[in-house]
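S.K.: give the three-dimensional model of this entry:
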Amino acid sequence: MPSGNAIAGDTVLAYNLFMRKVIVVGGGIAGLTAGVYAQRSGFDTLVLESNLVPGGNCTGWRRKGYFFEGGMHWLTGSSPDQMLHKVWHEVGALSGASQIINVDPFMVCVWEGAQICLYRDPAKLEEHLCAVSPEDRPLIKNLCRDIRRFIPLKMPIMDIPNLKVREKSRPALGALLNMLPALSRLIPLGKLPVKEYAARFKHPGIRLLLSGVVPPEYDTVSLMFTLADFASGDGGYIEGGSTKLSAGMAGRFAELGGVIRYGERVDRVLVKDGKAAGVIVKGEHIPADAVIVAADTLAAVDNLFDDPLRENWTRNMRRNTIPLVSTFVCMGVAADLSAWPENVLFPLKKPYEYGGVRFTDAGFYNYAAYPGYAPQGCTALTTILLGDTYDYWQAAKTQGLYKQRKEELFETIRECFEEQLPLIKGKIAVWDVATPLTYERFCGSYHGSWMTMTPPGSMRGSYPCKLKSVKNLYFAGHRMMPPGGMPVAVSSGRTAAQHLCRDFGAVF
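M.R.: Next comes the predicted model:
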């Protein structure tokens with residue numbers, strides 16, 4: 001049958017009467033996506049989630065009336081112009097009632113009392129940066145030219161070959177042709193780390209601003225993709241944040257008749273006669289005709305089977321994955337910071353070291369403008385500290401110093417913030433620190449990481465979502481295509497469900 005063959009509605013019912021049992025391991029973005037598409041394709045689908053809430057790494061939490069965002073900071077596919085937008089609606093992450101905020105400027109670097117702004121519009125950005133640093137004009141023009149080139153590069157949503165579908169999904173030929181101008185820049189920018197690209201600019205504030213958009217160790221293609229996404233009108237924040245988005249997906253799955261069991265950590269995926277046969281949870285054998293593993297793939301291939309999975313792509317994933325590790329420091333402040341920008345970056349007068357990583361700048365997300373994130377007149381702040389401190393926290397836990405090290409880190413960050421924001425001095429009502437061990441414990445994240453590093457020369461393609469050695473077993477999640485994140489999670493969940501449908505002769 002040709003790729004993406006559309007099937008009439010009456011025929012759909014005929015294909016979907018078998019109601020095979022499918023278990024999805026993990027109720028994060030990938031797992032909920034796979035669950036929604038499997039359930040609406042006629043499967044009897046059960047999602048098993050180890051946490052007590054849906055979302056996985058797309059998460060946030062409340063402390064004493066403050067909401068701290070710990071997952072989504074912008075969403076690729078928030079714009080109707082993106083193919084991914086339709087997918088987010090289909091899985092319930094977005095609805096007609098979703099309020100999308102396109103923060104502009106997206107980021108502000110405070111340098112020597114002045115604000116250097118990362119505007120979404122390339123023309124406005126070019127004019128602003130040239131006014132800040134006329135001597136950087138040629139580089140600024142090249143930067144904005146590359147942003148414009150990358151705007152047509154959108155994440156494609158396609159169907160796998162030989163799949164029966166209700167509605168075809170593929171990019172238009174014109175959209176593909178519009179991507180051509182950016183292709184000549186992929187190789188040179190892909191070889192260049194962001195920190196080296198930023199170092200070409202003479203103005204230190206512009207260097208800091210560009211280094212703060214994506215991790216500075218990433219290749220510059222990642223930076224251009226991100227800036228172009230903002231410039232296209234995409235990359236908005238969903239009011240209500242991670243928890244609202246995840247709850248919408250779980251609600252859609254339930255509306256379709258799917259079942260989620262929370263607090264159920266899968267111990268083993270069962271394989272019998274070369275086929276996935278179900279899972280073991282707390283000694284209980286739950287049988288199934290197929291299993292979709294949407295937990296952290298790198299952790300799953302080693303820990304969820306009687307023997308670690310050894311196929312070419314699993315070996316490559318183990319060898320090539322560089323985990324992106326971070327620590328979240330959150331503060332609830334009894335002060336209104338709505339006069340400040342939403343995303344702020346600034347240099348430190350006194351650099352500090354934590355967990356073997358040296359920090360010369362700091363930044364924070366300011367949620368003062370969002371109702372319900374803090375008590376009236378108060379503000380929730382979060383900062384993300386990038387750097388592999390996993391071993392540092394493991395050692396602290398082993399030595400019984402875990403809580404103390406959290407307190408020490410908070411005090412360091414508090415001093416940095418109070419110097420930049422004197423208004424908050426003595427007004428921090430609550431604080432919290434989420435370490436790599438926090439994400440490992442609650443989300444099952446490999447090495448406590450929530451994305452994959454993409455330095456120059458790193459693997460950019462996607463991994464297969466199936467094994468050759470085991471039938472009816474599928475994989476989805478942010479590890480399936482570096483650097484990962486929510487777009488990869490949702491698209492991989494959709495792809496896993498498509499493979500499931502094709503193998504069982506169901507209509508997607």
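S.K.: so what's residue 238 up against?
M.R.: 72, 75, 78, 93-94, 98-101, 244-245 (CB atoms under 8 Å, 6 or more residues apart in numbering). Yep, even glycine has a C-beta here, placed from its N, CA and C like the rest.
S.K.: export the residues you listed to a markdown table and tack on distance to residue 56 and neighbour count?
M.R.: Shown next, in a markdown table, are these (distance: CB to CB, whole Å; neighbours: other CB atoms under 10 Å):
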| residue | distance to residue 56 | neighbour count |
| --- | --- | --- |
| 72 | 12 | 24 |
| 75 | 15 | 28 |
| 78 | 19 | 24 |
| 93 | 13 | 29 |
| 94 | 18 | 22 |
| 98 | 20 | 18 |
| 99 | 23 | 11 |
| 100 | 22 | 16 |
| 101 | 23 | 14 |
| 244 | 15 | 17 |
| 245 | 12 | 26 |
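S.K.: so which of the residues you listed are in strands?
M.R.: 100-101 (DSSP state E).
S.K.: per the record, what domains does the protein have?
M.R.: 5-60+72-96+241-322+454-504, 103-156+167-232, 326-446 (automatic domain parsing).
S.K.: most neighbours per residue, which of those?
M.R.: Ranked by mean neighbour count, these are led by domain 5-60+72-96+241-322+454-504 with a mean of 20 (mean count of other CB atoms under 10 Å).
S.K.: what distance separates that domain from the middle of the whole chain?
M.R.: 15 Å (CA atoms, centre = their mean, to the nearest Å).
S.K.: of all the domains of the chain, which lies closest to residue 66?
M.R.: domain 326-446 (3.5 Å; CB to CB).
S.K.: pull up the distance across the closest one, start to finish.
M.R.: End-to-end distance for domain 326-446, by CA to CA, to the nearest Å: 12 Å.
S.K.: gap between it and the chain center?
M.R.: With CA atoms, centre = their mean, you get 19 Å for domain 326-446.
S.K.: which of the contacts of residue 238 sits closest to residue 357?
M.R.: Nearest to residue 357 among the contacts of residue 238, with distances taken as CB to CB, is residue 72, at 24.2 Å.
S.K.: so which of the contacts of residue 238 sit within helices?
M.R.: 244-245 (DSSP state H).
S.K.: export the domains of the chain to a markdown table and tack on distance to residue 66?
M.R.: Shown next, in a markdown table, are the domains of the chain (distance: least, CB to CB, whole Å):
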| stretch | distance to residue 66 |
| --- | --- |
| domain 5-60+72-96+241-322+454-504 | 10 |
| domain 103-156+167-232 | 20 |
| domain 326-446 | 3 |
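S.K.: and those as a markdown table, adding mean pLDDT?
M.R.: Formatted as a markdown table, the domains of the chain follow (pLDDT from 0 to 100):
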| stretch | mean pLDDT |
| --- | --- |
| domain 5-60+72-96+241-322+454-504 | 93 |
| domain 103-156+167-232 | 94 |
| domain 326-446 | 97 |
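S.K.: pretty sure residue 105 contacts residue 120?
M.R.: Yes. If you go by CB atoms under 8 Å, residue 105 and residue 120 touch, sitting 7.4 Å apart.
S.K.: which SSE is residue 127 in?
M.R.: helix 122-132 (DSSP states H and E).
S.K.: ok now that helix, how far from the chain's centre?
M.R.: Taking mean C-alpha positions (CA atoms, centre = their mean), helix 122-132 and its chain are 29 Å apart.
S.K.: what does that helix contact?
M.R.: 114, 116-119, 136-137, 140-141, 143-144, 147-148, 203, 205-206, 231.
S.K.: in terms of helices and strands, where is the residue nearest to residue 470 when sequence neighbours are not counted?
M.R.: Spatial nearest neighbour of residue 470, chain neighbours left out: residue 271 (5.5 Å); criterion: CB to CB, 6 or more residues apart in numbering. Per DSSP H and E, residue 271 falls inside strand 268-272.
S.K.: now do the same for residue 431: helix, strand or coil?
M.R.: strand (DSSP: H, G, I helix; E, B strand; the rest coil).
S.K.: how far does stretch 178-198 stretch from one end to the other?
M.R.: Stretch 178-198 end-to-end distance (CA to CA) = 27 Å.
S.K.: chain center to it, what's the gap?
M.R.: Distance, centroid of stretch 178-198 to centroid of chain: 22 Å (CA atoms, centre = their mean).
S.K.: please apply the same query to stretch 199-210.
M.R.: 26 Å.
S.K.: can you list contacts of that stretch?
M.R.: With CB under 8 Å, 6+ apart, stretch 199-210 has contacts from 107, 109, 111-112, 114, 116, 118, 129, 132-133, 135-136, 139-140, 143, 194, 197-198, 223, 345, 347, 361.
S.K.: hmm, back to that, show me what contacts the residue nearest to residue 470?
M.R.: Contacts of residue 271 (CB under 8 Å, 6+ apart): 277, 305-306, 470, 473.
S.K.: switch those residues over to CSV; also include secondary structure and distance to residue 30.
M.R.: Shown next, in CSV, are the contacts of residue 271 (DSSP: H, G, I helix; E, B strand; the rest coil; distance: CB to CB, whole Å):
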residue, secondary structure, distance to residue 30
277, strand, 22
305, coil, 19
306, coil, 24
470, coil, 19
473, strand, 15
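S.K.: farthest pair in the residues you listed?
M.R.: 306 and 473 (13.2 Å).
S.K.: returning to that earlier point: anything in contact with each of residue 105 and residue 120?
M.R.: With CB under 8 Å, 6+ apart, residue 105 and residue 120 have no common neighbours.
S.K.: now residue 433. Nearest residue, chain neighbours left out?
M.R.: In space, residue 433 is closest to residue 406, 4.3 Å off (CB to CB, 6+ apart).
S.K.: can you list which of the contacts of helix 122-132 are found in strands?
M.R.: Judged by DSSP E, the contacts of helix 122-132 include 114, 116-118 as members of strands.
S.K.: export those to a markdown table and tack on distance to residue 65?
M.R.: Shown next, in a markdown table, are those (distance: CB to CB, whole Å):
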| residue | distance to residue 65 |
| --- | --- |
| 114 | 35 |
| 116 | 34 |
| 117 | 31 |
| 118 | 31 |
